[in-house]
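[1] What would the 3D arrangement of this be:
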Amino acid sequence: MEANFGEYIRKLRTENGLTLTQLGAKLGIDSGALSKIETGKKEFDEKCLDNLANAFNLNIDKLKVEYFGDQFAKKMYAYNCSTETLIVAEEKVNYLKNINAKQGELEF
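    The predicted structure is shown next:
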């Protein structure tokens with residue numbers, strides 16, 4: 001785990017010997033924007049997660065864990081939330097999954 005998602009991307013990029021321009025081309029963003037993402041001055045667009053996974057042959061589910069974990073941590077820090085927030089969020093996710101599963105069931 002890196003300190004933030006931008007640092008995670010920089011680590012992947014440098015370990016794979018890619019320049020900002022090369023990775024930016026794979027992600028569909030310019031090198032200046034990618035540089036700002038890596039330094040934490042700009043947020044990574046979640047729409048590019050699939051491209052990032054493909055660029056480095058990463059498991060998309062693990063990549064989502066890294067990305068959304070970073071997003072949750074930033075929000076929790078910004079609003080001074082306790083870790084209890086994560087427990088409540090997990091309960092809400094389970095509730096939403098349960099509701100969606102029930103909506104998919106048809107009774108005859």
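[2] Excluding covalently adjacent residues, which one is nearest to residue 40?
    With CB to CB, 6 or more residues apart in numbering as the criterion, residue 40 has its nearest non-adjacent residue at 5.0 Å, and that residue is residue 6. Every C-beta, even on glycine, is put in place using the N, C-alpha and C of the backbone.
[3] so what's that neighbour up against?
    By CB atoms under 8 Å, 6 or more residues apart in numbering, residue 6 lies in contact with 37-40, 44.
[4] Also residue 78?
    Residue 78 neighbours (CB under 8 Å, 6+ apart): none.
[5] Distance check, residue 65 against residue 8.
    11 Å (CB to CB, to the nearest Å).
[6] Neighbour count for the two, which is higher?
    Taking other CB atoms under 10 Å, residue 65 and residue 8 do not tie; residue 8 has more neighbours (19 against 12).
[7] how about that one, secondary structure?
    Following DSSP: H, G, I helix; E, B strand; the rest coil, the label given to residue 8 is helix.
[8] Which pLDDT value belongs to it?
    On pLDDT, residue 8 comes in at 96.
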